[in-house]
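Asks: quick one: sequence and predicted model below, then my questions.
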Amino acid sequence: MALKTPKEYVESLRALKINAYVGGEKVSSIVDHPAIAPHINTVAKTYELAHKPEHQDTMTAISHLTGERIHRYTHIFQNNDDLIKKIEMLRLLGQTTGTCFQRCVGLDALNAMYATSFDTDQKHGTDYHQRFKKYLTWVQENDLMLAGAMTDPKGHRSKRPADQDDPDQFVHVVERRPDGVVIRGAKMHNTGGINSHEILVLPGTGLKDDEKDYAIACAIPADAEGVLFIFGRQSNDSRKTEGCGTDIGNPRFGVVGGEALVVFEDVFVPNDRIFLNGEVDQCGGMVNYFATWHRANYGGCKAGNADVLIGATAKTTKILGTEKNSIVKDKLIEMIHLTETSYGTAIAASAQGHQLPCGSQMVNPMLANVTKQNITRSVYAVGRLAHDLAGGYLATLPDEASFDNPVIGKYVKKYHVANPEYDVMDRVKMGRFIENVTSVTTMVEAMHGAGSPQAQRIVMLGQAGIDAKIKMADQVIDGTDDVEGIALRRPS
Ligand code: SF4
Ligand code: FE
């Protein structure tokens, strides 16, 4: 059972009583809802590939707790090789689905809780780490889909959690009982939660001494009493419910991660699912652990998605008959260069990891933040080049029904045919895919997912060691260390 099949994943979701709304209406079955199903298909791919012998090394790992083979999405990073394999897994899945496959948030939250529970025990004499390891073993043995829930609504941005007019703007404890706590609040932009088994709730920010009630990290079943998902509206999402296929663009796998607002309305969390409770000094560290791992990811998943976009764009140039033009080739080269640069930085961040006090492995923080910063630009730049090469039909293409219409269909086809070696619908499908994968939903996810651009810039400045660089400049220009045996010239 350590590796679920895709079918077992879907059936296990069907057994849950997820309380979800899409388009203002309660969903009776998330598995069968056309707006959610593509996102479930994407996660199902993560389960499927783990069973393929050719991907076993990438998609699975050996649990450091049980010695059993487990899905890499439930693994605690043990060394640089694990970090690199994660990025390779993300690129593979990005190439396979052309979208966000959602499980990485839960994976990084799992690792952040593992590391922070250890740190907290060291400092406060608590026993969170043992408790967490028990939970982790159960997650690994059942190959669960986990969603990480970190981003609070935040209310008035100039006010701290404890100063908000509405205390629910940050998830917090409203009642303490001998057997657990009751939490209230919400998390925004929750990737994949609606089709997860478990939600890992983490604090979204560092906290101060008077904010103990906000210092809560815990695991909640996705269908626990009081949990409510309100699905976000995405670009072109009504096309999913209109019954059209081609117009959706990526009909099987959807657009990014199926984000939702998840509300916690007085949710009881038993003690064995609480991994931080009031230790405010550990919250900043937990956020930092999570964000650093997650920022490196984007060089994997977005590179994989860009591979598919490059493919769709290159095929479009063949359909248009422009593929031999040297300017067209150069623009494709630029797309490739941007993509490989992002991937390379993520691999470098992983290759230069370091061990944390708990024994797990952290990526290089500077390179992880550089990776994510690159992505906030390169996804737009690659999308722009795809628009440039594909042409204006991306914005004006008639719908699929027009191609099928007995009166107008012949005109729509006749005037969209370019290279007769290709069926006109090939051009339509490529165009719709490019439209989908460069939609505002995708772009904004690349911009703000794993933290907005400025968050990376702050870390980059902190990590850069500016004082050390000043010393380097002084030393190079006017230093005392000559080349052995040679007295060098100095500024007079
Ligand atoms: Fe994973 Fe990328 Fe989606 Fe984040 S955006 S969950 S890293 S696929
Ligand atoms: Fe994301």
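Replies: Done, it's in. Everything quoted here is computed from the prediction, not taken from an experiment. Ligands and ions are numbered 1, 2, ... in the order given.
Asks: and the longest helix along the chain with ligand 1, contact?
Replies: Determined from DSSP state H, the single longest helix within the chain is helix 283-320. Yes - Helix 283-320 lies within reach of ligand 1 by C-beta under 6 Å from any ligand atom, at 297-298, 301. For the C-beta atoms, the positions are set from N, CA and C on the backbone; glycine is no exception.
Asks: I'd like the next helix or strand past that helix.
Replies: helix 326-351 (DSSP states H and E).
Asks: helix or strand next in line after that following helix, which one?
Replies: strand 354-355.
Asks: and the next helix or strand past that next one?
Replies: Next along from strand 354-355, by DSSP H and E: strand 361-362.
Asks: what does the protein put close to ligand 1?
Replies: 100-102, 104-105, 191, 257, 297-298, 301, 449.
Asks: circling back to that earlier point, now the longest helix of the chain, how far from the chain's geometric center?
Replies: 9 Å (C-alpha atoms, centre = their mean, to the nearest Å).
Asks: and for stretch 466-482?
Replies: 40 Å.
Asks: same check on stretch 271-285?
Replies: 23 Å.
Asks: quick check: end-to-end length of that stretch?
Replies: Criterion C-alpha to C-alpha, to the nearest Å; first-to-last residue distance in stretch 271-285 is 22 Å.
Asks: measure the closest residue to Val459 other than its chain neighbours to ligand 1 for me?
Replies: Once flanking residues are discounted, Val459 sits nearest to Asn369: 4.5 Å by C-beta to C-beta, 6 or more residues apart in numbering. Distance, Asn369 to ligand 1, using C-beta to the nearest ligand atom, to the nearest Å: 14 Å.
Asks: what residues are up against Asn369?
Replies: 292, 295, 456-457, 459-460, 463 (C-beta atoms under 8 Å, 6 or more residues apart in numbering).
Asks: how about Thr96?
Replies: 45, 49, 304.
Asks: show the model's pLDDT score for it.
Replies: pLDDT, Thr96: 97.
Asks: and the strand or helix carrying it, what's buried?
Replies: Using DSSP H and E, Thr96 maps to helix 80-97. Going by neighbour count (16 or more other C-beta atoms under 10 Å), the buried part of helix 80-97 is 80, 82-97.
Asks: swap in stretch 303-320?
Replies: 303-310, 312-320.
Asks: name the nearest residue to whatever residue of the stretch 101-250 of the chain ends up closest to ligand 1, ignoring sequence neighbours.
Replies: Residue nearest to ligand 1 within the stretch 101-250 of the chain: Cys104 (3.1 Å; C-beta to the nearest ligand atom). Excluding the flanking residues, the one nearest Cys104 by C-beta to C-beta, 6+ apart is Asn297, at 5.1 Å.
Asks: residues touching that neighbour, list them.
Replies: 86-87, 90, 104, 108, 346, 450.
Asks: Leu107 against Thr74, yeah?
Replies: Yes - if you go by C-beta atoms under 8 Å, Leu107 and Thr74 touch, sitting 7.3 Å apart.
Asks: what do the two both touch?
Replies: By C-beta under 8 Å, 6+ apart, the residues touching both Leu107 and Thr74 are Leu146.
Asks: ok but Val267 is inside a helix, no?
Replies: No - assessed by DSSP: H, G, I helix; E, B strand; the rest coil, Val267 does not belong to a helix; its assignment is strand.
Asks: do you know how far it is from Gly245?
Replies: Val267 sits 39 Å away from Gly245, going by C-beta to C-beta, to the nearest Å.
Asks: more neighbours: which of these two?
Replies: Neighbour tally, Val267 and Gly245, criterion other C-beta atoms under 10 Å: the higher count belongs to Val267, 23 against 14.
Asks: confidence score at the more buried one?
Replies: At Val267, pLDDT is 98.
Asks: ditto for Ala219
Replies: 98.
Asks: that one and Ile199, how far apart?
Replies: 7 Å.
Asks: got it, and Thr438?
Replies: 30 Å.
Asks: which one of these two is surrounded by more residues?
Replies: Higher neighbour count among Thr438 and Ile199: Ile199, with 27 against 24, using other C-beta under 10 Å.
Asks: grab the nearest non-local neighbour of Gly299.
Replies: Ala346 (2.6 Å).
Asks: so where's this structure uncertain?
Replies: Residue ranges of the chain with pLDDT under 70: 1.
Asks: if we use 90, what do you get?
Replies: Residues of the chain that meet the criterion pLDDT under 90 lie in 1-2, 233-259, 441, 478-492.
Asks: can you give me the strands in the stretch 101-250 of the chain?
Replies: All strands of the stretch 101-250 of the chain, identified by DSSP state E, counting those that start in this stretch, fall at 146-149, 172-177, 180-190, 198-201, 216-221, 227-231.
Asks: all good on my end, thank you.
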